[in-house]
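Peer 1: give me a 3D structure for the following:
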Amino acid sequence: MHQTSRVSARAWWAMAVFVLAAIISYSDRQVLGLLVDPIRAELSLRDTDLGLLQGVAFAMVYALASLPLGWASDRTSRRNLVIVGVVIWSLATIACGYARSFNELFLARMFIGIGEASLAPAVISMIADLFPLERRGLAIGLFNMGMIIGGGGAFIVGGGLLSIAATGGFESWPFLQALTPWRVALVVMGFSGILLIILLWTVSEPARRGAVSGAGQSLRGMYYSVRSRRSTLLPLYAAIASVSVMEFGMMMWMPTLLTRRFNFGLSEAGGTLGTIVITAAILGTLIGGLLSVWIIKRWSVQGLLKAAAMAVGFGTLTMAVGFANSGTLALALFFLWQFSATCSSLIGITTLQNILPNELRGFGISIAAFLNIIIGLGIGSLLPPLIVESIYKDPTSIGLALSTVGIPITILAAWLYRRCASRVDVSMVN
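Peer 2: Residues are numbered from 1 along each chain as shown. Below is the predicted model:
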């Protein structure tokens, strides 16, 4: 039965802080995509080195940390877990700005992964306790919107900081005088975590509701609870991870496509892409969130999953970005992809929360995060530059590499969402 309880002002305040946390987290994570060429030039790196820094360095420890942190979020203070994570990833982002070699950057990116692994499992678990079933999709959508806005904000803020630093705007600031512009951008963005820590202290840990006795009280219990839902969870997790391949791939390599093929400046590329990402995230979240409320009341969770398949299927058309003959067309396709990916990801994560019991929600999201990072970030960040270097052998062909990866992977994701819709058991919804 659907819950119909009223949402408190306390819940909406917590939601606002969670959205800000998502924005800052993803900004710190994604800003390296804008800084590829200046880092490459200063440290004499290859595109594959930057792919490793954006992907493997972060993904390796994020994935390893996400499962135990998801387990912890089902058993300890989720708010305090997030605060510790913010401290770690903020200090690590600052350390990136002072790194003098590939190895130092790699190590700092690993610590960003450790810190950020605490965020999604703990926050989405708290959202499920703060919002009733019929509002949960919209609330999770807002958090998801914060992540995507953070990716866009990384481009806008990063581009702005690069411009200010290039004109000497930070010369009188302590600790920044001797740093090149890309380093200044990383250090300043790392310090934004201070505000977030203060705001998180104002959020109270919500009471866990809808708990099922015995579920997830041990690793064995968690295993059997997940295993009993495997016919639904396997295709659902695979679909979410498949979409994330191109979410990361497009976000990380579009700035390089614009600067190399269409001669955009870094600040211009950052500002344009950031605006597109934020606009698509807001529209995708609002439209996707409202549609999810309408669909789940009429066709339950099967209808939601079929809608996700349609959104990803539409997104396949946007993977023609590599064949765009102008920057305007490439940006239009990028916008449509961001919109369709936002809608499908919102539905996927909401479905996970709706079919998992309370004691498994944090762990369930950590599994999704684990797969998104290992598969999504690992493939999305590294495979395009590998294709450029091994097949196309032309740095300006990064767009073709994105299309080469994106077309088959989005077709697969749409099929997996349809398969999940045919297997889901509506009696699991809670």
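Peer 1: helices along the stretch 151-300 of the chain, start to end?
Peer 2: If DSSP state H, counting those that start in this stretch is used as the criterion, the helices of the stretch 151-300 of the chain fall at 181-191, 193-200, 219-227, 230-261, 266-318.
Peer 1: show me the one of these that comes nearest I148.
Peer 2: Smallest distance to I148 across these (C-beta to C-beta): 3.6 Å, for helix 266-318. Quick note: C-beta positions are derived from backbone N, CA and C, even for glycine.
Peer 1: what's the angle from the closest one to helix 181-191?
Peer 2: 70 degrees (axes from the mean of the first three to the mean of the last three C-alpha atoms, to 10 degrees).
Peer 1: for G249, which non-adjacent residue is spatially closest?
Peer 2: G380 (3.5 Å; C-beta to C-beta, 6 or more residues apart in numbering).
Peer 1: sec struct for that neighbour, please.
Peer 2: helix (DSSP: H, G, I helix; E, B strand; the rest coil).
Peer 1: quick one, what contacts it?
Peer 2: 55, 244-250, 252, 405 (C-beta atoms under 8 Å, 6 or more residues apart in numbering).
Peer 1: okay, it: pLDDT?
Peer 2: Looking at G380, its pLDDT reads 86.
Peer 1: measure it to R78 for me?
Peer 2: In this view, G380 and R78 are 28 Å apart by C-beta to C-beta, to the nearest Å.
Peer 1: pretty sure G113 contacts Q54?
Peer 2: No - applying C-beta atoms under 8 Å as the test, G113 and Q54 come out as separate, 11.3 Å apart.
Peer 1: show me where pLDDT drops low in this structure?
Peer 2: Along the chain, the parts satisfying pLDDT under 70 run over 1-5, 210-224, 358, 425-430.
Peer 1: tell me where it has strands.
Peer 2: In the chain, no strands are defined using DSSP state E.
Peer 1: geometrically speaking, which residue is the centre of this structure?
Peer 2: Nearest to the geometric centre of the chain sits M147, at 5.4 Å (C-alpha atoms, centre = their mean).
Peer 1: count of residues packed around I24?
Peer 2: 26 (other C-beta atoms under 10 Å).
Peer 1: can you name the residues that contact the residue nearest to the centre of the chain?
Peer 2: Contacts of M147 by C-beta under 8 Å, 6+ apart are 22-23, 25-26.
Peer 1: from L179, how far out is it?
Peer 2: The value you get for M147 to L179, if C-beta to C-beta is used, is 28 Å.
Peer 1: then G97?
Peer 2: Separation of G97 from L179 (C-beta to C-beta): 6 Å.
Peer 1: if you count what's nearby, which of these two comes out ahead?
Peer 2: Legend: neighbour count by other C-beta under 10 Å for G97 and L179, higher for G97 (21 against 18).
Peer 1: enumerate every residue touching that one.
Peer 2: Counting by C-beta under 8 Å, 6+ apart, G97 has contacts 179, 183-187, 190.
Peer 1: how does it look with 6 Å?
Peer 2: 183, 186-187 (C-beta atoms under 6 Å, 6 or more residues apart in numbering).
Peer 1: show me which of the residues you listed is closest to L305.
Peer 2: L186 (39.2 Å).
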